[in-house]
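# Quick one: sequence plus predicted model below, questions after.
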Amino acid sequence: MQTTFEYPHPLVPYDREKELAVLRESIEDMKAGRGRPLEEAMAEIAKEFNLPPVKPD
């Protein structure tokens with residue numbers, strides 16, 4: 001499930017509990033195998049925008 005992220009307005013107060021909930025959900029997704037390896041995502045972005053490939057460290 002992919003959602004669209006929108007940056008909050010700069011004057012909206014920071015909601016620590018909301019941010020922690022988002023991080024917890026992201027960690028659970030990762031543990032459940034619902035993520036993509038960084039190298040795979042970066043290779044796709046490089047190809048899409050005609051950029052040089054990203055070399056792993």
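Yep, it's here.
# which parts of stretch 37-51 are buried?
Met42 (16 or more other CB atoms under 10 Å). No exception for glycine: its C-beta is placed from N, CA and C like everyone else's.
# Mind listing residues that contact it?
52-54, 56 (CB atoms under 8 Å, 6 or more residues apart in numbering).
# Just among those, which is most surrounded?
In terms of neighbour count, Val54 stands highest of those at 13 neighbours, by other CB atoms under 10 Å.
# Does that residue lie in a helix or a strand, and which?
Element membership for Val54, per DSSP states H and E: none, as it lies in no helix or strand.
# rewinding a little: wait, which of the contacts of stretch 37-51 is closest to Val12?
Val54 (33.4 Å; CB to CB).
# any idea how far the closest one lies from Leu38?
9 Å (CB to CB, to the nearest Å).
# about what we covered before: in JSON lines, list the contacts of stretch 37-51 along with pLDDT and distance to Ala43.
Below are those laid out as JSON lines (pLDDT from 0 to 100; distance: CB to CB, whole Å):
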{"residue": "Pro52", "pLDDT": "94", "distance to Ala43": "11"}
{"residue": "Pro53", "pLDDT": "87", "distance to Ala43": "6"}
{"residue": "Val54", "pLDDT": "80", "distance to Ala43": "7"}
{"residue": "Pro56", "pLDDT": "71", "distance to Ala43": "10"}
